[in-house]
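In: Here is the input, now give the coordinates:
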Amino acid sequence: MSKDRESMKGTYFISSISTSSYLVEYGILSIFTLFLLFVLDFSIPLTSRVYAYYYGFAYLLPILIGYISDKYLSKSAALTVGFVSMIISQVFLWFSATLYDPNLPVRDTIVFNLQNIMCFIGSMFLACGMSFASLSITHIINSINNEESRLKGFSIYYPILNFGVLIGVIITSVVVGNENYELYEWIFVIFAIILTIGLFSFRLGKDKYLVDNDGNPMKDDHSKDSIIEESNKLLRNMSHESISKIKDLNFRQRIKFFRDSLTPNDKDKLTVFFIFLMIIIFYRIAFSQSNISLVFFINDYVQRDLGFLTVPVQMFALLNPLFILILGPILIKVNDKLDEKKINLGFIRRTILALLVMVLCFTLLTVIGYYIDIGSADKIGPIWIVVFEFFIAVSELLFSIAGYAMVGDLAPEKYYSLFFGFFLATKSVAMFLSGFISSYFPTEESSSFIFSMPINGLMTFFITFVVMNLFTALVLIIYRKKLLEKMHLDDVNTA
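Out: Sure, this is the predicted structure:
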């Protein structure tokens, strides 16, 4: 069997294993806002703040988890730790859900009762498990694919990942239905079983399906030299006089010393890398609204009663992974055609397109918001949410696959998890800011400002994301050539 076929076989295997972890992660994400609103009885502003704090923490955690994985754990051990942690999380979340009381008053502040404590402990285990699992899965894909097949590998991984997301949302929609919050406890029981099956499947199949580019079983030892150990080696090769000079430097001087140690190309590539991370934050602030402010909007302003069926709010979360599954294979075919013609859109062009599509999405909601009065009985048809989610999926496919491949190209193999941790950590900032902005979602009782802009209706709320993404896209368009120069690429079409 050829190297490419071996790597693709391993990619399909580990991508299939990832469905169980992402099924749980995004299944819970689809109901997280509803769980806070109606099971823990938090108000909309408190729900938004808790969402911001939790997901800000959850996606900052990969920096620490990435370091631990690189230093102490093999790839398979890190994945095992992730699955075990997620299984434990389901036990705590199940216990919290069993304490559901429909008669509790709506709270504007957190009360540390048993139900809330169990929920927070379960959420912490879930965050740790998600970090270990996602880092190790992407690290494995990066390891078993060479540079030529890496983009194709992640193009396979991403649609399969979204199949898991789709199944997770289906489970939450079928089990809970419409506003049957007393049934949430069974969701966590089902998720624990699925995670257990995924863990055993991985342990039984990893040696057979995960092979390196030479067809040998993937090496499962962790990096022998951590970043600290590498720096100690460097210091041992320096004179005592040089070390003393470094110790006497202040913070700004140490930064200058570090910059001086880099080659000009390293500095340029590092600049592009961190600029791109900033772009990701702006993009994800808007993208994350699907799981928070859009939930508020669907719950209050979308006609969900179809006569024969009342569509649960969480069922709208099916649309994004469904469109990803449909559009993913189409994107692979398009990429193959472009490769045949020696055309590579590259991550800068893809990012610009993704941002402009996001502008289109929120322009749609802005126009709709213009015709809806806050607190009124006006409702829009669900078809508008379908259109919105379709274009969100197009934008996501353009943006995310290129981002995964970019990290694989720039990150050293030995420190891949740490670099990918920084990549995932952009979600931390984005999720926190997303929750912060959604706390200003307009209600009859509220009238507020975001960055000095008055939020007195749905139109002014959604136009915030239009301005944010349009500005970011224009900056990229203007400075694209300068960024290309700093990337030092042989083929300008690669970016």
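In: CA atoms for contacts and neighbours, from now on please.
Out: Will do.
In: Now do stretch 102-112, average pLDDT.
Out: Stretch 102-112 comes out with an average pLDDT of 87.
In: Which positions in that stretch come out as buried?
Out: Buried residues in stretch 102-112, defined by neighbour count with 16 or more other CA atoms under 10 Å: Arg107.
In: I'd like the distance from that stretch to the chain centre, please.
Out: 29 Å (CA atoms, centre = their mean, to the nearest Å).
In: Over to stretch 34-51?
Out: 21 Å.
In: Likewise for stretch 23-37?
Out: The answer for stretch 23-37 is 14 Å, by CA atoms, centre = their mean.
In: could I get that stretch in CSV with only the CA atoms?
Out: Provided in CSV are the C-alpha atoms of stretch 23-37 (Å, rounded to 0.1, in the frame of the first residue of the first chain):
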residue,chain,number,x,y,z
LEU,A,23,-20.4,14.7,19.1
VAL,A,24,-20.3,15.3,22.8
GLU,A,25,-18.5,18.7,22.7
TYR,A,26,-20.9,20.3,20.2
GLY,A,27,-23.9,18.4,21.3
ILE,A,28,-23.4,20.1,24.7
LEU,A,29,-22.6,23.4,23.0
SER,A,30,-26.0,23.2,21.2
ILE,A,31,-27.8,23.1,24.5
PHE,A,32,-25.4,25.0,26.8
THR,A,33,-27.2,28.3,26.5
LEU,A,34,-30.6,26.6,27.0
PHE,A,35,-29.3,24.7,29.9
LEU,A,36,-28.1,27.9,31.6
LEU,A,37,-31.4,29.7,30.8
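In: quick one: the strands in this protein?
Out: 448-450, 453-455 (DSSP state E).
In: residue nearest the centroid of the protein?
Out: Lys427 (5.9 Å; CA atoms, centre = their mean).
In: quick one: it and Gly56 touch, right?
Out: Yes - Lys427 is within contact range of Gly56, at 7.2 Å (criterion: CA atoms under 8 Å).
In: got any residues that touch both of the two?
Out: Counting by CA atoms under 8 Å, 6 or more residues apart in numbering, Lys427 and Gly56 have no contacts in common.
In: pretty sure Leu161 contacts Glu25?
Out: No - in this structure, Leu161 is not within contact of Glu25 by CA under 8 Å, at 10.9 Å.
In: ok, these two, which is more surrounded?
Out: Leu161 (23 against 20; other CA atoms under 10 Å).
In: what sits against the more buried one?
Out: Counted by CA under 8 Å, 6+ apart, Leu161 has contacts 15-16, 18-19, 22.
In: show me where the stretch 101-250 of the chain has helices.
Out: 114-144, 147-176, 184-209, 227-236, 240-247 (DSSP state H, counting those that start in this stretch).
In: buried set for the first one?
Out: This points to helix 114-144. Under 16+ other CA under 10 Å, the buried positions of helix 114-144 are 115-116, 118-144.
In: now the angle between helix 147-176 and it, please.
Out: Relative orientation of helix 114-144 versus helix 147-176 (axes from the mean of the first three to the mean of the last three CA atoms, to 10 degrees): 150 degrees.
In: Helix 114-144: how far from the chain's middle?
Out: 12 Å.
In: quick one: contacts for the residue nearest to the centre of the chain?
Out: So Lys427 contacts 55-56, 59-60, 281, 284 (CA under 8 Å, 6+ apart).
In: and the strands of the chain, which one is worst for confidence?
Out: strand 448-450 (a mean of 60).
In: Could you give the number of residues near the residue lying closest to Gly56 once chain neighbours are set aside?
Out: In space, and not counting its chain neighbours, Gly56 is closest to Ser428: 3.9 Å by CA to CA, 6 or more residues apart in numbering. For Ser428, the count of nearby residues is 25 (other CA under 10 Å).
In: Lys9 versus Ser428, what's the distance?
Out: As judged by CA to CA, to the nearest Å, Ser428 and Lys9 stand 33 Å apart.
In: Equivalent analysis for Leu338, please.
Out: Relative to Lys9, and taking CA to CA, Leu338 is found at 24 Å.
In: Which of these two has more residues huddled nearby?
Out: Comparing Leu338 with Lys9 by other CA under 10 Å, the one with more neighbours is Lys9, at 17 against 13.
In: List the contacts of the more buried one.
Out: Taking CA under 8 Å, 6+ apart, one finds 209-210 in contact with Lys9.
In: Rank the helices and strands of the chain by mean pLDDT and give me the bottom one.
Out: Every helix and strand in the chain was compared by mean pLDDT, DSSP states H and E; the lowest is helix 227-236, with a mean of 45.
In: coming back round to it: any idea which of the helices of the stretch 101-250 of the chain gets closest to Leu474?
Out: helix 147-176 (26.3 Å; CA to CA).
In: How far does the closest one sit from its chain's centre?
Out: Per CA atoms, centre = their mean, the centroid offset for helix 147-176 relative to its chain is 12 Å.
In: Pull out the buried positions in that helix.
Out: Here helix 147-176 shows 149-173, 175-176 as buried, counting by 16+ other CA under 10 Å.
In: give me the low-pLDDT residue ranges for the protein?
Out: Scanning the chain with the threshold set as pLDDT under 70 gives 1-6, 146-151, 211-263, 265-267, 269, 343-345, 401-421, 424, 444-454, 488-495.
In: do that again at 50, thanks
Out: Filtered on pLDDT under 50, the chain yields the residue ranges 1, 223-239, 241, 243, 491-493.
In: residue contacts, Tyr22?
Out: 161-162, 164-165, 168.
In: of all those, which comes closest to Pro102?
Out: For the contacts of Tyr22, the nearest to Pro102 is Gly168 (25.0 Å; CA to CA).
In: Check the gap between that closest one and Ser293 for me.
Out: 21 Å.
In: Also Tyr157?
Out: 28 Å.
In: again, but for Val81
Out: Val81 is 33 Å from Ser293, by CA to CA.
In: Which residue of those two possesses the greater neighbour count?
Out: Taking other CA under 10 Å, Val81 and Ser293 do not tie; Ser293 has more neighbours (24 against 19).
In: For the more buried one, which non-adjacent residue is closest in space?
Out: Ser293's closest residue in space is Ser438 (CA to CA, 6+ apart), at 5.4 Å.
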